[in-house]
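S.K.: A predicted structure for the sequence below; I have some questions about it.
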Amino acid sequence: MRRRLPWPALVCCGLLSFLAACATGGGDEAALGAAPGTTPADTSVGTGFVDVADLRDPPMPDHFTAPSKALEGRLALRANGCVTVVVDGVERMPLWPEGTALVQESITPNRYAVTLPGGARLVASETEADTFTARGIVDDNPDPFEVEAGLPTKLSTFLAFCGVKAEPVAFPDAATFTVRKT
């Protein structure tokens, strides 16, 4: 007789699979621009992150409804490998413009690079981080990123994994970024 797992167990298994993919890469990006000798030989290794396209699948129309405004920020790096931004002194999880690539360039020291569509590049490490200005939208809806109560989405799972408490910030247009190197 075969036993079926209850749906909470299935959701938990799905979350664990997703987190494992974030930690090792889901194969979305090869290690473009990685420093020689610091990236595993497996080119399917990538880095997990979210972008504004994640608001469309599944649709999340009640989030980020305010008009965009000019924001000043600085990249930050968490111990768990999440690349965040600090805007007006508040750490937030960024939703990068669609087409962004985020890779870990080195392990010792930890160094991550965010390459935006069009080629602008931001870098964060354990000791330094680039600053930028861009048009962005701080989420104006404190509700969870769920389509159905209790069923997480990629976005809600990623936000929970990274553990940033403040509302996230979306940067829909890569052309609005001005990067200042550290």
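M.R.: Structure's in. What do you need?
S.K.: Near residue 88, how many other residues are there?
M.R.: Residue 88 has 9 neighbouring residues, counting by other CB atoms under 10 Å. C-betas here are computed from N, CA, C, even on glycine.
S.K.: thought residue 101 was touching residue 112?
M.R.: No - Residue 101 is beyond contact range of residue 112, at 10.9 Å (criterion: CB atoms under 8 Å).
S.K.: wait, what's in contact with the residue nearest to residue 110 when sequence neighbours are not counted?
M.R.: Once flanking residues are discounted, residue 110 sits nearest to residue 126: 5.3 Å by CB to CB, 6 or more residues apart in numbering. Contacts for residue 126 (CB atoms under 8 Å, 6 or more residues apart in numbering) come out as 77, 109-111.
S.K.: okay, now residue 87: neighbour count?
M.R.: By the criterion of other CB under 10 Å, residue 87 has 19 neighbours.
S.K.: Now do it against residue 118, distance only.
M.R.: 21 Å (CB to CB, to the nearest Å).
S.K.: same deal with residue 124?
M.R.: Distance from residue 124 to residue 118, by CB to CB: 19 Å.
S.K.: residue contacts, the residue nearest the centre of the chain?
M.R.: Using CA atoms, centre = their mean, the residue of the chain that lies closest to the mean C-alpha position is residue 49, 2.8 Å off. Residues near residue 49 by CB under 8 Å, 6+ apart: 83, 94, 96, 100, 102, 158.
S.K.: let's see it at 6 Å
M.R.: Taking CB atoms under 6 Å, 6 or more residues apart in numbering, we find residue 49 in contact with residue 102.
S.K.: rewinding a little: residue 124 and residue 118: who's more crowded?
M.R.: residue 124 (23 against 11).
S.K.: That one sits in which helix or strand?
M.R.: Using DSSP states H and E, the element containing residue 124 is strand 121-125.
S.K.: So in terms of bridging, what pairs with residue 136?
M.R.: Residue 136 has these beta-bridge partners by DSSP bridges: residue 69.
S.K.: My assumption is that residue 81 lies in a strand; please confirm.
M.R.: No - the assignment for residue 81, made by DSSP: H, G, I helix; E, B strand; the rest coil, is coil rather than a strand.
S.K.: Distance of it relative to residue 161?
M.R.: Taking CB to CB, one finds residue 81 at 10 Å from residue 161.
S.K.: Which one's more surrounded, these two?
M.R.: Per other CB under 10 Å, whichever of residue 81 and residue 161 has more neighbours is residue 161, with 18 against 15.
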